[in-house]
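K.L.:
Okay, sequence plus prediction incoming.
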Amino acid sequence: QVHLMESGGGMVQPGGSLRLSCTDSGSTPEYHAIGWFRQAPGKDRQLIACMKFTDATTKYTDSVKYRFTISRDAMKNTVYLQMNSLKPEDTATYYCATDLYYGCAENVFPRFWGQGTQVTVSS
């Protein structure tokens, strides 16, 4: 059973940083990748960062590349999203998601999701 929970959101000024965490409190994970998604009001949910565990490869959408970093602590069943140089347009609810067959493909929405954590970037 997968039980994902995000934390670490909040309000930050432009240029600031936040680190989001996604912890799976379920049983030993059998999935091989996790994605970070975000959804702003009135917009579609989009994949912004993803990590494949088998070879630790990562991918980022262009708007967050070089500002956001996805990483993993396998011992803690936790995946992180370090967000630097935050911009007002990064304001959104951030979700982590996965399932057994997820492999970071575009326009694929995994089966299991956390409840989301709100990030607001505003002066």
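P.N.:
Cool, the structure landed. Residues are numbered from 1 along each chain as shown.
K.L.:
Pull the contacting residues for Tyr31.
P.N.:
The contact partners of Tyr31, by Cβ atoms under 8 Å, 6 or more residues apart in numbering, come to Val2, Phe53, Thr98, Asp99, Leu100, Tyr102. C-beta: built from backbone N, CA, C; applies to glycine.
K.L.:
What of Ser25?
P.N.:
Contacts of Ser25 by Cβ under 8 Å, 6+ apart are His3, Met5, Asn77.
K.L.:
any idea how far Gly42 is from the most centrally placed residue in the chain?
P.N.:
Ranked by distance to the mean C-alpha position of the chain (Cα atoms, centre = their mean), the top residue is Trp36 at 2.3 Å. Distance, Trp36 to Gly42, using Cβ to Cβ, to the nearest Å: 20 Å.
K.L.:
what does Leu100 give?
P.N.:
The gap separating Leu100 from Gly42 is 32 Å, by Cβ to Cβ.
K.L.:
likewise Pro110?
P.N.:
Taking Cβ to Cβ, one finds Pro110 at 23 Å from Gly42.
K.L.:
in what helix or strand does the residue nearest to the centre of the chain lie?
P.N.:
Taking DSSP states H and E as the criterion, Trp36 maps to strand 33-39.
K.L.:
Counting neighbours, what do you get for Gly116?
P.N.:
Here the number of neighbours of Gly116 (other Cβ atoms under 10 Å) works out to 18.
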